[in-house]
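Peer 1: Dropping a prediction and its sequence here:
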Amino acid sequence: MVLETPLRSRHEALGARMVPFGGWNMPVQYAPILDEARLVRSKVGLFDLCHMGRFTFEGPDAETLLQKVLTNDLSKIKPGVIRYALICKEDGTVIDDVLVYRDPDTHGDFFLVVNASNIDKDMAWIVSHAGDLDCKITDRSQELAMLALQGPRSVDTLQKVCDVDLSSLGYYKWTYGKVLGIDCSISRTGYTGEDGFEVYFPQARVEEFWDELLEAGTEFGIAPIGLGARDALRLEAGMSLYGHEIDESIHPLEAGLSWAVRLGKDFIGRDALARIKEEGLSRKLVGFLCEGKRVPRQGYDIASKSDKVGFVCSGTWSTVKDAPIATGYLPLRLAEAGTRVDIMVKDKIIPAEVVPLPFYKRESLPSRGLALSIPEFNSKQGRSMAPSDRKYQKSHEWALPQGDLIAVGISDVAVEQLSDLVYIELPAVGTSLTQGEAFGEIESVKAVSDLLSPVTGEVIEVNEDLADELDKLSSSPYEAGWMLKVRPEGTGGMENLLDAEAYAKHAAEDAH
């Protein structure tokens with residue numbers, strides 16, 4: 001069952017594209033992902049994080065239990081301080097990465113924020129190791145809402161509606177206070193590389209909070225931000241994502257997270273990690289700066305001199321580097337900065353260079369004046385403007401008879417769903433096409449998609465302009481953004497396609 005954020009109606013009203021993520025239906029974007037990323041770097045973005053897990057630990061043995069299951073040393077965490085930590089299996093591989101908060105008032109109680117997809121797994125693991133310890137563990141994920149403000153103007157936005165002097169709240173600290181007159185927990189961390197805050201409060205007030213925070217940030221250029229931009233921002237900042245850089249096949253030392261592992265205290269997985277440290281690493285996580293426009297994706301092979309040597313964990317188009325970036329694992333002998341490797345995409349190669357992580361540090365980027373306002377995030381989501389002079393495939397390709405030939409392209413709905421196009425691969429003249437089979441690929445910041453031929457026939461002409469001018473496809477998918485002209489075999493299968501009215505109905509249903 002897919003869970004719904006309590007802010008779904010707000011996201012849909014703002015034109016968000018909703019997608020499954022970690023068992024939740026969440027907004028991936030409201031506007032082009034790269035525009036959202038730039039806005040957070042220069043102004044302030046509001047994030048819905050209600051899908052994240054939130055646990056409390058209370059009682060005399062709360063610290064003892066968490067010392068047992070977390071890699072960091074809680075005895076070193078002062079009241080009101082937050083630390084990054086990992087939950088590991090006995091073999092040292094990662095069950096999850098978390099933030100642990102020591103209560104600023106009770107001192108012996110703790111708050112844990114965990115990844116959305118791991119809520120049940122983490123709770124079961126912790127409870128299974130609690131034994132007879134006197135600790136009350138509560139899952140408050142459905143009780144507390146969680147919103148985040150990120151960006152250089154986040155402090156200005158939150159201070160307008162908060163009774164805490166935020167200038168006195170340091171990085172990775174938390175406190176209690178009132179926001180909009182409501183009792184809240186307020187922390188100063190983030191997952192973007194920018195300054196920012198998280199606010200925890202009763203979920204029943206979440207719609208009110210969302211609206212008021214957007215209003216408070218209007219003068220600072222605030223906008224709602226989706227998970228697509230959040231992923232791009234965290235990758236630029238060199239922050240790991242569970243299921244990508246870390247999982248149950250990877251241990252924290254090779255992931256570059258030894259700073260969150262305290263081998264001087266006992267915890268589950270400690271002996272295995274101590275042994276790995278003594279024996280030495282065989283591979284490590286590194287960053288890649290890539291050539292060209294193609295974005296490496298999770299699972300792509302990495303090669304050196306034609307030999308497979310590693311794999312990609314994450315990739316995105318970086319607004320800071322204005323180039324594709326990625327993370328992946330390489331043997332130590334190839335992990336030095338400056339090493340050249342090839343990232344494999346089927347039978348194609350993305351040349352890349354190993355570079356230090358992170359790709360971005362806050363002080364390195366000057367402020368930009370990107371003007372995005374809330375009304376710009378309203379979208380025609382799923383409503384096609386499909387011309388009636390052509391026919392359509394359910395996978396969103398169109399076919400337009402032009403004399404003896406048939407022009408082929410993709411619809412405005414496909415362009416909107418893909419967003420932020422970075423690369424297209426089209427077949428050569430003379431290629432035979434079969435209706436419903438792939439003839440090429442199109443790539444955006446967030447995904448690679450096959451292009452499926454709407455007709456059967458032979459490619460006679462290719463729109464070569466698209467290789468360097470993908471904006472033509474984004475701005476004019478039915479005219480300047482055409483892809484191929486095909487000499488059909490017989491009718492080419494045109495009778496199997498949808499007319500504009502039927503396609504528009506299908507596109508609307510598919511969007512929901």
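Peer 2: In hand now; what should we look at? Numbers count the residues shown, from 1 in each chain.
Peer 1: got the domain boundaries for the chain?
Peer 2: The chain breaks down into these structural domains: 3-234, 282-359, 391-511 (assignment by automatic domain parsing).
Peer 1: Reformat these as JSON lines; add mean neighbour count.
Peer 2: Using the backbone N, CA and C atoms, a C-beta is placed for each residue, glycine as well. Shown next, in JSON lines, are the domains of the chain (neighbours: other Cβ atoms under 10 Å):
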{"stretch": "domain 3-234", "mean neighbour count": "19"}
{"stretch": "domain 282-359", "mean neighbour count": "18"}
{"stretch": "domain 391-511", "mean neighbour count": "19"}
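Peer 1: Flag whichever of these has the least confidence on average.
Peer 2: The stretch with the lowest average pLDDT out of these is domain 391-511, scoring a mean of 90.
Peer 1: Start from the N-terminal end of the stretch 251-400 of the chain and give the strands.
Peer 2: For the stretch 251-400 of the chain, the strands identified by DSSP state E, counting those that start in this stretch occupy 283-290, 301-304, 307-318, 323-331, 340-345, 348-355, 391-392, 397-402, in order along the chain.
Peer 1: hmm, back to that, just so I know, which of the domains of the chain lies nearest Ser249?
Peer 2: In terms of Cβ to Cβ, the element of those nearest to Ser249 is domain 3-234, at 6.1 Å.
Peer 1: Straight-line length of the closest one, end to end?
Peer 2: 24 Å (Cα to Cα, to the nearest Å).
Peer 1: thinking again about what came up before, now the domains of the chain as JSON lines including distance to Pro252?
Peer 2: Supplementary listing: the domains of the chain in JSON lines, determined by distance: least, Cβ to Cβ, whole Å:
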{"stretch": "domain 3-234", "distance to Pro252": "5"}
{"stretch": "domain 282-359", "distance to Pro252": "10"}
{"stretch": "domain 391-511", "distance to Pro252": "27"}
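Peer 1: picking that back up, Val164: which of the strands of the stretch 251-400 of the chain is closest?
Peer 2: Relative to Val164, the nearest member of the strands of the stretch 251-400 of the chain by Cβ to Cβ is strand 307-318, separated by 34.1 Å.
Peer 1: How far does the closest one sit from its chain's centre?
Peer 2: For strand 307-318, the gap between its own C-alpha mean and the chain's C-alpha mean amounts to 16 Å (Cα atoms, centre = their mean, to the nearest Å).
Peer 1: list the helices and strands it packs on?
Peer 2: The criterion is 3 or more Cβ pairs under 8 Å, 6 or more residues apart in numbering; DSSP states H and E, and the helices and strands that strand 307-318 contacts are helix 227-236, strand 283-290, strand 301-304, strand 323-331, strand 340-345.
Peer 1: would you turn these into TSV with distance to Leu214?
Peer 2: As requested, the helices and strands packed on strand 307-318 are exported to TSV (distance: least, Cβ to Cβ, whole Å):
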stretch	distance to Leu214
helix 227-236	16
strand 283-290	34
strand 301-304	42
strand 323-331	30
strand 340-345	39
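Peer 1: out of these, nearest to Tyr478?
Peer 2: Once the helices and strands packed on strand 307-318 are compared by Cβ to Cβ, helix 227-236 is nearest, at 25.4 Å.
Peer 1: can you give me the helices in the stretch 401-512 of the chain?
Peer 2: In order along the chain, the stretch 401-512 of the chain carries the following helices (DSSP state H, counting those that start in this stretch): 412-418, 471-475, 500-511.
Peer 1: List of residues touching the second one?
Peer 2: Right, the one you point to is helix 471-475. Contacts made with helix 471-475 from outside it, assessed by Cβ atoms under 8 Å, 6 or more residues apart in numbering, are listed as Gly409, Ile410, Val415, Leu421, Ile424, Asp465, Leu466, Ala480, Gly481, Met483.
Peer 1: Can you tell me which of those residues is closest to Ile126?
Peer 2: Of all the contacts of helix 471-475, Ile126 sits closest to Leu421, with 43.4 Å by Cβ to Cβ.
Peer 1: I'd guessed that closest one sits against Leu466; true?
Peer 2: No. In this structure, Leu421 is not within contact of Leu466 by Cβ atoms under 8 Å, at 9.2 Å.
Peer 1: Point to the residue nearest the middle of this protein.
Peer 2: Within the chain, the residue whose C-alpha comes closest to the C-alpha centroid is Asp231; the distance, by Cα atoms, centre = their mean, is 2.7 Å.
Peer 1: Leu241 is in contact with that one, correct?
Peer 2: Yes. Checked against Cβ under 8 Å, the pair Asp231 and Leu241 is within contact range at 6.9 Å.
Peer 1: if I look at the two, which residues touch both of them?
Peer 2: Common contacts of Asp231 and Leu241 (Cβ under 8 Å, 6+ apart): Ser314.
Peer 1: ok so, going back, and the helices of the stretch 401-512 of the chain as a markdown table, adding distance to Ala386?
Peer 2: Output for the helices of the stretch 401-512 of the chain, formatted as a markdown table (distance: least, Cβ to Cβ, whole Å):
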| stretch | distance to Ala386 |
| --- | --- |
| helix 412-418 | 7 |
| helix 471-475 | 15 |
| helix 500-511 | 5 |
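Peer 1: can you tell me which of the ones you listed comes nearest to Tyr392?
Peer 2: Tyr392 lies closest, by Cβ to Cβ, to one member of these: helix 500-511, at 3.7 Å.
Peer 1: Between strand 397-402 and the closest one, find me the angle.
Peer 2: Using axes from the mean of the first three to the mean of the last three Cα atoms, to 10 degrees, the direction of helix 500-511 lies 170 degrees away from that of strand 397-402.
Peer 1: Counting by contacts, list what helix 500-511 packs against.
Peer 2: Helices and strands touching helix 500-511, as assessed by 3+ Cβ pairs under 8 Å, 6+ apart, comprise strand 391-392.
Peer 1: So what's the gap between the strand it packs on and the chain middle?
Peer 2: Centroid separation for strand 391-392 versus its chain: 33 Å, with Cα atoms, centre = their mean.
Peer 1: neighbouring contacts of it?
Peer 2: Applying Cβ under 8 Å, 6+ apart, the set of residues contacting strand 391-392 is 386, 398-400, 411, 454, 494, 497-500, 502-503.
Peer 1: What is the nearest of those residues to Ala428?
Peer 2: Proximity of the contacts of strand 391-392 to Ala428 was ranked by Cβ to Cβ; the top entry is Pro454 with 18.8 Å.
Peer 1: excluding its backbone neighbours, what's nearest Glu291?
Peer 2: Nearest non-adjacent residue to Glu291, counting by Cβ to Cβ, 6 or more residues apart in numbering: Pro351, 4.4 Å away.
Peer 1: is the residue lying closest to Ile137 once chain neighbours are set aside in a bridge, and if so with what?
Peer 2: The spatial neighbour of Ile137 that comes closest, neighbours along the chain excluded (Cβ to Cβ, 6+ apart), is Phe57 at 5.8 Å. When bridges are assigned using DSSP bridges, the partners listed for Phe57 are Phe110, Ile137.
Peer 1: Would you mind measuring from Thr64 to Lys265?
Peer 2: From Thr64 across to Lys265, the span is 11 Å (Cβ to Cβ, to the nearest Å).
Peer 1: Ok, Ala237 next?
Peer 2: 28 Å.
Peer 1: More neighbours: which of these two?
Peer 2: Neighbours around Ala237 and Lys265, counted as other Cβ atoms under 10 Å, are more numerous at Ala237. The numbers are 19 against 16.
Peer 1: Is that one in contact with Thr189, as I believe?
Peer 2: No. Ala237 lies out of contact with Thr189 (Cβ under 8 Å); the separation is 11.9 Å.
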